[in-house]
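Participant: just coords:
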């Protein structure tokens, strides 16, 4: 185990995938969440309770760290009220150390892509509240880097799939395992990029240990875009049994959102599921020689995890 300490805020599927990659590379890993508890982690990983909104606590953790990974986020319905304060605390805290900051981002800031593949140089043109917020937070992150306040980089990914990712588990994998219809959003026959949680974690770990990643965002290596119908067909093949599906349109999401706060926040993001939504991740693969996990392999690992 090397003397390098890598500190990860957040113990969701992405934080855990990042931790496993870092441990495999011989790094010392500390993970931080509110409870100080997390499962399905290598024994060597230390899990600590802490407050990410407290920049002094962040600074204390960053002081001994080689890299800090920001994989935490507020509840989906609290993004606009809490996310800016969370990121500000992380930037101010890390700025008091020599640690590198690696931030988990997403594609919301780009807005509608009109079927064109999104690259890291696609300009921000968000039309949603959460998209505008994400764009603003990314601009602030790299402004701090360019001002010499911190050394930062970020990973952007499309919609997640893989082991432990409960949203995909609840909507798709668990119903399929039970022989029920799975729930798909918007149109099932338009191309969509999906990002495998273990590939995202590998990307974060690489950026935390390779200076070439600094000063810009990177798209996590992701397989070629496919339709949700094709995704379900691969899942059926992996499970060895037919999988039916139903599609949920914007009106239905809005209606359900009157009773479920998280779903209410999904309404403005439905554009992602109504037209081709394609992410180009070739820059990362070319630079760091990491290829995306083949889609069938990733879906099998996801199905196995939820089955067990």
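Facilitator: Structure's in. What do you need? All values reported here derive from a predicted model rather than from experimental measurement.
Participant: Show me the contact partners of the helix or strand bottoming out on mean pLDDT in the chain.
Facilitator: Of all helical and strand segments in the chain, the minimum by mean pLDDT, DSSP states H and E falls on helix 250-257, at a mean of 84. By CB atoms under 8 Å, 6 or more residues apart in numbering, the residues outside helix 250-257 that reach it are 185, 186, 263, 264, 265, 266, 267, 270, 274. Placement of C-beta: from N, CA and C, glycine included.
Participant: go on, stretch 167-187?
Facilitator: For stretch 167-187, the external contacting residues (CB under 8 Å, 6+ apart) are 160-162, 228, 231-232, 235-236, 239, 241, 243-250, 253, 266, 270, 272-275, 302-303, 306-307.
Participant: mind redoing it with 6 Å?
Facilitator: 161, 228, 235, 243-248, 270, 273-274, 303, 306-307 (CB atoms under 6 Å, 6 or more residues apart in numbering).
Participant: for these, which one is nearest residue 102?
Facilitator: Nearest to residue 102 among these is residue 161, at 21.6 Å by CB to CB.
Participant: Tell me the pLDDT of that closest one.
Facilitator: With respect to pLDDT, residue 161 scores 97.
Participant: That one touches residue 192, doesn't it?
Facilitator: No: between residue 161 and residue 192 there is no contact under CB atoms under 6 Å: 10.7 Å.
Participant: Tell me where the stretch 151-300 of the chain has helices.
Facilitator: Ranges of helices within the stretch 151-300 of the chain are 166-168, 174-177, 197-209, 228-239, 250-257, 261-266, 282-288, 295-307, based on DSSP state H, counting those that start in this stretch.
Participant: Of all those helices, which one is nearest residue 27?
Facilitator: helix 197-209 (7.5 Å).
Participant: what's that closest one in contact with?
Facilitator: Looking at what lies outside helix 197-209 - CB under 6 Å, 6+ apart - the contacts are 13-14, 17-18, 21-22, 67, 69, 102, 153, 155, 157, 160, 162, 165, 213, 220-221, 288, 292-293.
Participant: so for that helix, what's the average pLDDT?
Facilitator: Here the average pLDDT along helix 197-209 is 98.
Participant: what inclination does that helix have with respect to helix 295-307?
Facilitator: Put simply, helix 197-209 runs at 100 degrees to helix 295-307, going by axes from the mean of the first three to the mean of the last three CA atoms, to 10 degrees.
Participant: Torsion angles phi and psi at the closest residue to residue 34 other than its chain neighbours?
Facilitator: Distances taken as CB to CB, 6 or more residues apart in numbering place residue 49 nearest to residue 34, at 6.4 Å, with adjacent residues excluded. Dihedral pair for residue 49: phi -80, psi 140, per degrees, to the nearest 10.
Participant: got it, and the one 10 residues further on?
Facilitator: Backbone torsions of residue 59, given as degrees, to the nearest 10, read phi -60, psi -40.
Participant: and it, what does it touch?
Facilitator: 93, 96.
Participant: The one 10 residues further on now?
Facilitator: Remark: with contacts taken as CB under 6 Å, 6+ apart, residue 69 is in contact with 8, 18, 102, 204.
Participant: Could you export these as JSON lines, including distance to residue 42, neighbour count and secondary structure?
Facilitator: Below are those laid out as JSON lines (distance: CB to CB, whole Å; neighbours: other CB atoms under 10 Å; DSSP: H, G, I helix; E, B strand; the rest coil):
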{"residue": "8", "distance to residue 42": "13", "neighbour count": "32", "secondary structure": "strand"}
{"residue": "18", "distance to residue 42": "12", "neighbour count": "31", "secondary structure": "helix"}
{"residue": "102", "distance to residue 42": "19", "neighbour count": "28", "secondary structure": "strand"}
{"residue": "204", "distance to residue 42": "16", "neighbour count": "33", "secondary structure": "helix"}
